[in-house]
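One predicted model, sequence on top.
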Amino acid sequence: MTTRPFRFIIVLLAGFSCADEPEVPPPLPSPSPIQQQTPNPEPTPGPEPSPGTGEEATGPNFWIKPVDIPTYNNYGFLLAEIDQQELVTTLPLIEDHGFVWSKLKKPAVGDGVSTEAHLGPKSNGHLFSAYMYELEGNTFYNVRAFIKSSGKIYYSTEASFQTRPGSWRKLSDFPGTTTVNGASFVLNGVAYVLVGNEVWTYSPSLDAWDRKNDFPMQTDGPTGFAIGGVGYIYCGNVWRYNDTNDQWTAMLPLTQPSALHKGCKGVFSFVWQGKAYIGGGAGNLNEKILVYDPVPNTQDNLDFTHSSPNVNFASATGSDGKVYVVGGYNFTGSVSSQVLYYDLVNKLSGKKRSFNADDTERAEMVGFVVNGEMYLGMGFGTYGQLLGGRDDFYRYDASQDYWVPQTSLIYIDNKRILHPLRRAGGIGFAIGSKGYIGLGESREYNSKTTDFDTSPMYDFWEFTPN
């Protein structure tokens, strides 16, 4: 069999099914919403092979080009192309075709360590495709396409790529009725989640949800925190939770001269040295960050420069007394890319580079801190001219003031079509060495109605950093 080489490229293509072999090349994906300042290291590509230099001298020749690394959880999309001028002579001889990938060099069919995708005989079309699956985060892989002809297997040249860090695992769906703009805290390895007025616990060891007594009032964007083994919710007042009798108690009324400490629409909080720092919100805590000390049950104001984050539905994350307040909606209602920095140890504050250093406006994000590392992303915001729910996720490198892209979430339906899980208004928390996110809603712009279509999201996920 004499052929000219057929081309092989790796692409990641959301929303494309490989159940049928396409006759027309599918559109290549738009540029990734993650603009990396420091690209992941990639192996130095070797030269493309010359015709007639395959592993078998009489077999077809391939070359391979990585177009994009897999950015979604555990999956990547592979596409190979046969020179259309050779279809008449090539197709009748194909007994099997597909892809094979491994962490080792030169993955091969039947080697016992590689993962194989067999597509069987090929009767039409110059393209063939398959999903890579069972990929681990932050890992180098090698992949080759193959064709079996006349009992022999021929391989393309090898492509190498590195997956983005982090791995996601699907957990039990949230069974509640309300999903948007909730709050959470963690006690003894169990998460307590408030959405609306419903309170639920989630146990990672059981992967199970349990309903608790309702919160005393309806909420929209409250904030939760735990201090000294006790859980609290802020919603105009500080509410203390008793996990023994499943009851809530209002602490002292938080009256302020400015009367701005009221309500709880889109507030944030963080904890340091036994005190809660509460700020932001839609007309609530915009003058000063409130400092709540539960032991004497008293309040004070954080009197720093930049201590008036006039935003709502921002995200606060940090560790060791260094906290970052990211994004949110500003007083005009537009989405912000601002990152405020608070050093509570040295009593300093200031501004950092914009979120993702790309003026990526964002609000209603999810995040957590694992092993002192800050993770944040998704939410509602912009990428370029697009506005809607987002699916990108990051680890913050404070030493470089750089948001390091992590793997993103996808859902694969029963037709094997990939759907990015873009969400706004979800929740996030950490238990041990794992992060957890979920809930919220999808929010996509509808050009016909000039409004956003929304749909509640009940899915729940575990994130393992690596």
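On my side now, so go ahead. Numbering: from 1, shown residues only.

Low-confidence bits of the protein, can you list those?
Across the chain, the ranges flagged by pLDDT under 70 are 1-70, 252-263, 283-287, 304-308, 357-359, 383-385.

can you give me the helices for it?
For the chain, applying DSSP state H gives helices covering 87-90.

is the closest residue to W403 other than its chain neighbours in a bridge, and if so with what?
Excluding the flanking residues, the one nearest W403 by Cβ to Cβ, 6 or more residues apart in numbering is Y394, at 4.0 Å. Every C-beta, even on glycine, is put in place using the N, C-alpha and C of the backbone. Taking DSSP bridges, one obtains L376, P405 as the residues bridged to Y394.

Just list the residues touching Y394, thanks.
By Cβ atoms under 8 Å, 6 or more residues apart in numbering, the contact set of Y394 is N356, Y375, L376, G377, W403, V404, P405, Q406.

export these to CSV and tack on distance to L302 and neighbour count?
Converted to CSV, the contacts of Y394 look like this (distance: Cβ to Cβ, whole Å; neighbours: other Cβ atoms under 10 Å):
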residue, distance to L302, neighbour count
N356, 26, 26
Y375, 24, 23
L376, 21, 26
G377, 26, 28
W403, 25, 28
V404, 29, 20
P405, 32, 25
Q406, 31, 25
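
Same list (those residues) but as JSON lines, adding distance to N312.
Shown next, in JSON lines, are the contacts of Y394 (distance: Cβ to Cβ, whole Å):
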{"residue": "N356", "distance to N312": "20"}
{"residue": "Y375", "distance to N312": "22"}
{"residue": "L376", "distance to N312": "17"}
{"residue": "G377", "distance to N312": "19"}
{"residue": "W403", "distance to N312": "22"}
{"residue": "V404", "distance to N312": "27"}
{"residue": "P405", "distance to N312": "27"}
{"residue": "Q406", "distance to N312": "26"}
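
which two from the residues you listed end up farthest apart in space?
N356 and Y375 (13.4 Å; Cβ to Cβ).

any idea how far T223 is from S399?
Separation of T223 from S399 (Cβ to Cβ, to the nearest Å): 28 Å.

Please say which of these two ends up with more neighbours.
Taking neighbours as other Cβ atoms under 10 Å, T223 and S399 compare with T223 leading, 27 against 6.

so that one touches V267, yeah?
Yes: assessed by Cβ atoms under 8 Å, T223 is found in contact with V267 at 4.8 Å.

Quickly list what's touching both of the two.
Common neighbours of T223 and V267, using Cβ under 8 Å, 6+ apart, are Y234, I278.

Tell me, how many residues neighbour N297?
Neighbour tally, N297, other Cβ under 10 Å: 11.

wait, it sits on R240?
No: the criterion here is Cβ under 8 Å, and N297 misses it with R240 at 9.1 Å.

list residues touching both of those two?
Taking Cβ under 8 Å, 6+ apart as the criterion, N297 and R240 both touch M251.

Next, the contact list for the residue nearest to S354 when sequence neighbours are not counted, please.
Spatial nearest neighbour of S354, excluding adjacent residues (Cβ to Cβ, 6+ apart): S337 at 4.1 Å. By Cβ under 8 Å, 6+ apart, the contact list for S337 reads G327, S354, F355, N356, D359, T360, E361, R362.

Next, count neighbours for the second one.
Think S354. Residue neighbour count, defined by other Cβ under 10 Å, stands at 18 for S354.

for the third one, same thing?
F355 is flanked by 26 other residues according to other Cβ under 10 Å.
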